[in-house]
Structures are given as C-alpha cells and as structure tokens.
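Peer 1: Would you be able to build a 3D model of this:
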Amino acid sequence: MWRTKTFRLLRALALVYLVVVMLVASFQSSLIYHPFHASEETLIEEARTLRLEPWRDAAGAIIGWRSPIRSGIRAENRLLVFHGNAGYALHRLQYVGGFEQVNGGRTWEVYLFEYPGYGARPGEVGEKPFIEAGMAAVEALLQEDPRPVYLLGESLGSGPACAIASRAPKRISGLFLVTPFAALTDVAAHHYPFLPVRMILRDRWENAVALREYKGPVAVRVAALDEIVTLDQGQKLYEAYAGPKRLWTEAGAQHNAIDFGLSGPWWGESSEFVLGVAREQRGGK
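Peer 2: Purely as a prediction, here's the structure:
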C-alpha cells in the first residue's frame, strides 16, 4: 500500500514539475524581456524635455534618440548604446551626458538605440530581431559618414553589442560592456536551478562565444554585489576575452546601483583606454 501511495505522489509531483517547465518554456520571453511602452508623441515630448531628438532610419521610422547637432562641434566618434532590459532607450540619458561631456563634446556623439517591441517601436522582442535591427542601425551610421562606430551594451544589451561585434568585427572599433554576462543560459540557471533552462531557452545570448570573433578593445564595468547578472558572469566574460581589455569593478554596488554621476572618472578612463587601443590598431591614425 505504501509503495502505491509513494508512486502516486511521485507521479503527481512529476506532472506538476512538467507543467511548470512547459509554462516557463511557453512564456520565457515575458520572463526575459520587460519592455516599457509609450506612444510616439509621448516619447518625442519626453525627448524634447531631455534635450534629445528622434533618430530615424531611411524610411523615417524612429529607431532611437540622439542629441541635436551642435553648431561648431562634430564629435570624432559615434557610440551606439544598447540599453538594459527594463524601460526604454530614453531612460538611459546618463550615457549621453557622461560620454558627451568628455573632451568638451569633441570625442563622442551618443545614439540611444531602441529595440523592436520597446517604447513606440513596433516589432517582436527577441535575440534575432534585436540583432537584425542593431545591425541595420550600425549600417545606417556607417553609411552616414566614415567616423568610427563603437558599441555600448548594458546588461541585456551586452547581448546585441557582442553579437554585432562578432558579425562585423572590422566595422566596430571598440566595446563598452556594463554589467554584462558571459551567457544568458548561465544567468537563467543561476536564478532557476530547479529547471532545465539550458534545454528550453530559445534566446541564449552567448556573449563569450561571440567575442571570440572580435579583436578590438573591450572596456568592462561590473558591480561587485550584482544580484541579477552576478559578478561572476561579468568576470567570466572578461577573462574569456582574448583581446585588449580593461576591467572596472564598483565595490558595494548592486546591478542597478552603479554610480553614473557625471563627475565620475569612468567616462574619461574608459574612453581613453578604448580609443587609445583603437588608435593603435588603426596604425596610430
């Protein structure tokens, strides 16, 4: 009798577990991506208050945001920012202010890229559409003028940044990675150790693997108390990269609490490192 009851209990638990796995597999996109939405009119007004303007593609669709062209100042380099998971691109104003202050605005012109399915941009969320849209944005910048293009990937945005650098290694002059991860499968396994995430995960974002194809400079900034991606993931990605690299670790900071104050030294230090290596790789030009 007790064997029958035990078998029935184990069978019920197995069925419950199977249902949980199936639900997670079915709704994994909503567990990974957390887009904020707003109308185009609302976003344009918000951008105006932030002193930004729409960045449009050849068809006139908004694909991100940029600072208005400044009279008499033309930055030497373009920086394309792939933001983290939650919110939308306009929530990453710190990268515009931080980098565009370097060298009095003559070093960086910052573009805040918006993902399909975020903000007012139509489309599906996911690894494939993000990479395709990001590649199209890079191509648009390169067709606009010959100034070098660099990428910044924040958290989830490290995925598109690394993937694009892998696909176009000679067209991306350098990378800035903020709270990045080596592989999304490892992050998911950390948070859901009781689930077979490596079997069911569709969007894998294998950043360490992607960077094997890249040789440019990589600046990595991690949070010592990162509770989401984990410090280990950032360090693992940094250690796996074989090219020129430099690591900044912010002691006492959690994932969403890194100090992005404009007076901080990271803006200048990371710029100096990445631009210096890129200049050497171009033969000092």
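Peer 1: show me where the stretch 151-285 of the chain has strands.
Peer 2: 175-178, 218-223, 245-250 (DSSP state E, counting those that start in this stretch).
Peer 1: Now do I63 against E250, distance only.
Peer 2: Remark: distance between I63 and E250 (CB to CB, to the nearest Å) = 31 Å. Any C-beta I mention is one placed from the backbone N, CA and C, and that applies to glycine too.
Peer 1: Can I get the strands of the stretch 151-285 of the chain in JSON lines including mean neighbour count, mean pLDDT and distance to P54?
Peer 2: Formatted as JSON lines, the strands of the stretch 151-285 of the chain follow (neighbours: other CB atoms under 10 Å; pLDDT from 0 to 100; distance: least, CB to CB, whole Å):
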{"stretch": "strand 175-178", "mean neighbour count": "27", "mean pLDDT": "98", "distance to P54": "23"}
{"stretch": "strand 218-223", "mean neighbour count": "24", "mean pLDDT": "98", "distance to P54": "28"}
{"stretch": "strand 245-250", "mean neighbour count": "17", "mean pLDDT": "98", "distance to P54": "32"}
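Peer 1: Just put the ones you listed in CSV and tack on distance to I164.
Peer 2: Output for those, formatted as CSV (distance: least, CB to CB, whole Å):
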stretch, distance to I164
strand 175-178, 9
strand 218-223, 13
strand 245-250, 18
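Peer 1: just so I know, which of those lies nearest P146?
Peer 2: With respect to P146, and counting by CB to CB, the nearest of the strands of the stretch 151-285 of the chain is strand 175-178 at 19.6 Å.
Peer 1: which other helices and strands contact that closest one?
Peer 2: strand 149-154, helix 158-167, strand 218-223, helix 266-281 (3 or more CB pairs under 8 Å, 6 or more residues apart in numbering; DSSP states H and E).
Peer 1: between the ones you listed, which gets nearest to A182?
Peer 2: A182 lies closest, by CB to CB, to one member of the helices and strands packed on strand 175-178: helix 158-167, at 9.4 Å.
Peer 1: returning to that earlier point: so which of the helices and strands packed on strand 175-178 comes closest to Y238?
Peer 2: strand 218-223 (4.7 Å).
Peer 1: Just want the angle from that closest one to helix 266-281.
Peer 2: 160 degrees (axes from the mean of the first three to the mean of the last three CA atoms, to 10 degrees).
Peer 1: Which elements pack onto strand 218-223?
Peer 2: strand 175-178, helix 231-240, strand 245-250, helix 266-281.
Peer 1: ok, residues contacting that strand?
Peer 2: 174-180, 211, 231, 234-235, 237-238, 241, 243-250, 253-255, 257-258, 266, 270, 273-274 (CB atoms under 8 Å, 6 or more residues apart in numbering).
Peer 1: The helices and strands packed on strand 218-223 into JSON lines, with extra columns for distance to P122?
Peer 2: Below are the helices and strands packed on strand 218-223 laid out as JSON lines (distance: least, CB to CB, whole Å):
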{"stretch": "strand 175-178", "distance to P122": "27"}
{"stretch": "helix 231-240", "distance to P122": "31"}
{"stretch": "strand 245-250", "distance to P122": "36"}
{"stretch": "helix 266-281", "distance to P122": "33"}
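Peer 1: Would you tell me which one of the ones you listed is buried the most?
Peer 2: strand 175-178 (a mean of 27; mean count of other CB atoms under 10 Å).
Peer 1: what stretches of the stretch 51-200 of the chain score poorly on pLDDT?
Peer 2: Residues of the stretch 51-200 of the chain meeting the criterion pLDDT under 70: 71.
Peer 1: Pull the contacting residues for R74.
Peer 2: R106, E109.
Peer 1: Let me see the contact set for the nearest residue to P35 once chain neighbours are set aside.
Peer 2: Among residues not flanking P35 along the chain, Y118 sits closest, at 4.2 Å (CB to CB, 6 or more residues apart in numbering). The contact partners of Y118, by CB under 8 Å, 6+ apart, come to P35, F36, H37, Y88, A89, V125.
Peer 1: again, only using 10 Å
Peer 2: 33-38, 83, 85-89, 125, 130 (CB atoms under 10 Å, 6 or more residues apart in numbering).
Peer 1: what's the spacing between Y111 and L141?
Peer 2: Y111 is 7 Å from L141, by CB to CB.
Peer 1: neighbour count winner among those two?
Peer 2: Y111 (25 against 17; other CB atoms under 10 Å).
Peer 1: which SS class is the more buried one?
Peer 2: strand (DSSP: H, G, I helix; E, B strand; the rest coil).
Peer 1: Tell me the bridge partners for it.
Peer 2: R66, L80 (DSSP bridges).
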